[in-house]
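K.L.:
What follows is a predicted protein model with its sequence.
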Amino acid sequence: MTKNILQEYGVNPILCCGCGLCEYICPTQAITMKLTATGVFTPNIVVSKCNDCSLCIQVCPSVSFDQMRLDKTIFRKERTPTEILLGIYERAYIGYSVDKEIRSHAAAGGVVTGLLISALDEGMIEGALITKFNVRMMRAESFIARSPNELISGASSKYAPVSIGNALRKIRQEEGCFAVVGLPCHIQGIRKAEALEKNLREKILLHFGLMCGGTPTIHGTRFLLRLLDCTSQDLKDLSYREGEWPGNFSVTTKQNERKRIPLHRYSPIIKAFLHPRCLICWDFTNEYSDLSFSDAFWITNAKKLGTTAIISRTKTGSKLLIHAEQNDMIRLMDMEITDFLKEKKGNLDLKKTNLGLKMMLFKLVGGKPPKLYNYPSLTKFKALSALELGLRFLGYSIINNKYVLRTLLSSLIKL
Ligand SMILES: Cc1cc2nc3c(=O)[nH]c(=O)nc-3n(C[C@H](O)[C@H](O)[C@H](O)COP(=O)(O)OP(=O)(O)OC[C@H]3O[C@@H](n4cnc5c(N)ncnc54)[C@H](O)[C@@H]3O)c2cc1C
Ligand code: SF4
Ligand code: SF4
Ligand code: SF4
């Protein structure tokens, strides 16, 4: 092979979400994920190693995606009108981890970490693919956690690009079953890989899906460090959700000095660094997971502890939840789906409407939109989210064209 097959299919750093599934599936190891100057992971291909098998194209969630086909393979049914927005589901809950250490280390209620520990204790899984932040390399990395301590060390959200190809390969090489935790684009890629590889399908027992409003490029994190007058060389530790819920972007320097920015202040800033691919993303609730998790921001308590909103989609997911509650690992309460729809309306509107407009704007900034099959619902037009979408694309174009919006942002924060 003398051509870069991904480029041939229009995959570039604007379209590629950096999931790393192409790296995972490539039989000749021609693909390596690299963190590029634009601050995102993209595949680097050694064309001389490529045998033109096209597996990387087949697995890629950014080249093409068929909603109805995956619905039928995984859930064996078609969507109801509510499920067009939320994905197919069985029941919805809010909950939290009973263990205070887990809950205080977590992004929301610590249900993800609590359930993983429960599945590990019960011998259901050998380990779980989760994510930690490597301060030395200044990037988020996925790894296989095999003990409760490792699971707790990887708890909480990392608002930076994550590529899972390498860690997923380790799962393929090992005996036993595993859980994976990922964003919607990770889980989409994993489900596509499972359709191609029976072995992977049998090894992944649990797909834990984080709901996702978007991931900033690594420049978002670098910018927050600049606001705190820190360089990556100064760092001993970094967390995006440290302290009392909802938490702070927090760094500890090598001189043991701690510096923080609260989530409500830094969240709008890093959104300006959103990965361009997130601007056309159509999945907020992680529709192909066994269990989907989000922050229940609308539930506050005097002790400032977080709560997780949970959507259970499969029998395996539902059983694990009930089992963990019976074993006193987590507390669960039913959640009215109408409450969830109301609370997450902004996210859902942004992801589930204006498909035509999104794809048009995406082409304008240099991307080739994915081929989406069976997505009739997404053509709905909503003026307010169209305006927000327009502003996001404008923001992206400005930053990308180096009009130094960052200086403006930094003065706004200091106000
Ligand atoms: C980039 C991103 C965007 C999000 N956007 C929203 C949003 O808009 N609205 C909302 O309500 N919730 C959002 N979430 C989900 C929310 O922040 C929590 O992850 C979720 O509520 C689970 O909380 P928990 O306390 O139960 O999980 P925890 O017990 O804290 O466990 C979280 C797990 O996720 C893994 N993880 C962390 N970051 C990543 C990552 N980047 N990629 C893959 N795995 C990761 C951790 O390793 C850990 O295993 C987002 C999360 C991320 C990472
Ligand atoms: S076509 Fe096959 S061999 Fe070539 S890069 Fe893609 S997966 Fe690897
Ligand atoms: S599989 Fe993932 S990392 Fe590879 S090209 Fe597609 S989106 Fe990018
Ligand atoms: S918004 Fe979509 S593409 Fe972006 S990180 Fe989240 S799931 Fe992936």
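P.N.:
Arrived safely, thanks for sending. Ligands and ions are numbered 1, 2, ... in the order given.
K.L.:
what about the residue of the stretch 201-350 of the chain found nearest ligand 1, how many neighbours?
P.N.:
For the stretch 201-350 of the chain and ligand 1, the shortest gap (Cβ to the nearest ligand atom) falls at Gly213, measuring 2.6 Å. (Glycine included, C-beta is placed from N, CA and C.) Counted with other Cβ atoms under 10 Å, the neighbours of Gly213 add up to 18.
K.L.:
Which secondary structure state is assigned to it?
P.N.:
Counting by DSSP: H, G, I helix; E, B strand; the rest coil, the backbone at Gly213 sits in coil.
K.L.:
where's the residue nearest to it when sequence neighbours are not counted, which helix or strand?
P.N.:
Of all residues not flanking Gly213 in the chain, Asn347 sits nearest, at 5.3 Å (Cβ to Cβ, 6 or more residues apart in numbering). Take DSSP states H and E as the rule and Asn347 turns out to sit in helix 345-352.
K.L.:
got the buried residues for that helix?
P.N.:
Neighbour-count burial for helix 345-352, counted by 16 or more other Cβ atoms under 10 Å, picks out Asn347, Leu348, Asp349, Leu350, Lys351, Lys352.
K.L.:
same thing with stretch 282-302?
P.N.:
Buried, per 16+ other Cβ under 10 Å, within stretch 282-302: 282-296, 299.
K.L.:
For the residue in the stretch 301-415 of the chain that ligand 4 sits nearest to, which residues are in contact?
P.N.:
As assessed by Cβ to the nearest ligand atom, ligand 4 sits closest to Lys351 within the stretch 301-415 of the chain, at 7.7 Å. Contact analysis of Lys351 by Cβ atoms under 8 Å, 6 or more residues apart in numbering lists Cys281, Trp282, Asp283, Phe284.
K.L.:
Pipe these into CSV and attach secondary structure and pLDDT per row.
P.N.:
Putting these into CSV (DSSP: H, G, I helix; E, B strand; the rest coil; pLDDT from 0 to 100) gives the following:
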residue, secondary structure, pLDDT
Cys281, coil, 93
Trp282, coil, 92
Asp283, coil, 95
Phe284, coil, 97
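K.L.:
same for ligand 4: which of those residues are within range?
P.N.:
Filtering the contacts of Lys351 for proximity to ligand 4 by Cβ under 6 Å from any ligand atom leaves Cys281, Asp283.
K.L.:
so, if you compare the contacts of Lys351, which one comes nearest to ligand 4?
P.N.:
Cys281 (3.1 Å).
K.L.:
and for stretch 8-15, what are the contacting residues?
P.N.:
Under Cβ under 8 Å, 6+ apart, the answer for stretch 8-15 is 36, 38, 40, 42-43, 57, 60, 62-63, 276-277, 362, 365-370.
K.L.:
so what pLDDT did the residue of the stretch 151-300 of the chain found nearest ligand 3 get?
P.N.:
Nearest residue of the stretch 151-300 of the chain to ligand 3: Gly189, at 5.6 Å (Cβ to the nearest ligand atom). Reading off the confidence values, Gly189 has pLDDT 98.
K.L.:
Same question for Gly390.
P.N.:
pLDDT at Gly390 comes out at 79.
K.L.:
same thing with the one 5 residues further on?
P.N.:
The predicted local distance difference test score for Gly395 is 73.
K.L.:
Now do the helix or strand harbouring it against helix 345-352, angle only.
P.N.:
With secondary structure defined by DSSP H and E, Gly395 is part of helix 383-400. Interaxial angle of helix 383-400 relative to helix 345-352 (axes from the mean of the first three to the mean of the last three Cα atoms, to 10 degrees): 70 degrees.
K.L.:
so where is the stretch 301-415 of the chain shaky, pLDDT-wise?
P.N.:
Residue ranges of the stretch 301-415 of the chain with pLDDT under 70: 375-380, 397-415.
K.L.:
quick one on the thing from earlier: would you mind measuring from the residue nearest to the residue of the stretch 151-300 of the chain closest to ligand 3 when sequence neighbours are not counted to Gly165?
P.N.:
Of all residues not flanking Gly189 in the chain, Leu21 sits nearest, at 3.5 Å (Cβ to Cβ, 6+ apart). The gap separating Leu21 from Gly165 is 6 Å, by Cβ to Cβ, to the nearest Å.
K.L.:
Those two - which one has more neighbours?
P.N.:
Using other Cβ under 10 Å, the more surrounded residue of Leu21 and Gly165 is Leu21, with 31 against 23.
K.L.:
quick one on the thing from earlier: what's the pLDDT at the residue nearest to Gly189?
P.N.:
98.
K.L.:
the helices in the stretch 151-300 of the chain, which residues?
P.N.:
Along the stretch 151-300 of the chain, counting by DSSP state H, counting those that start in this stretch, helices occupy 165-173, 184-196, 198-203, 218-227, 263-271.
K.L.:
which parts of the stretch 201-350 of the chain sit against ligand 4?
P.N.:
Residues of the stretch 201-350 of the chain lying near ligand 4 (Cβ under 6 Å from any ligand atom): Cys212, Gly214, Thr215, His275, Arg277, Cys278, Cys281, Asp283.
K.L.:
Near the fourth one, how many other residues are there?
P.N.:
When neighbours are defined as other Cβ under 10 Å, His275 has 26 of them.
K.L.:
Tell me which of the contacts of stretch 8-15 fall in helices.
P.N.:
Of these, the ones assigned to helices by DSSP state H are Ile57, Phe362.
K.L.:
Among the contacts of stretch 8-15, name the ones that also lie close to ligand 1.
P.N.:
Of these, not one also sits near ligand 1 (Cβ under 6 Å from any ligand atom).
K.L.:
which among the contacts of stretch 8-15 end up buried?
P.N.:
36, 40, 42-43, 57, 60, 62-63, 276-277, 362, 367-370.
K.L.:
between these, which is nearest ligand 2?
P.N.:
The nearest one, if we look at those relative to ligand 2 and count by Cβ to the nearest ligand atom, is Ile57, at 6.8 Å.
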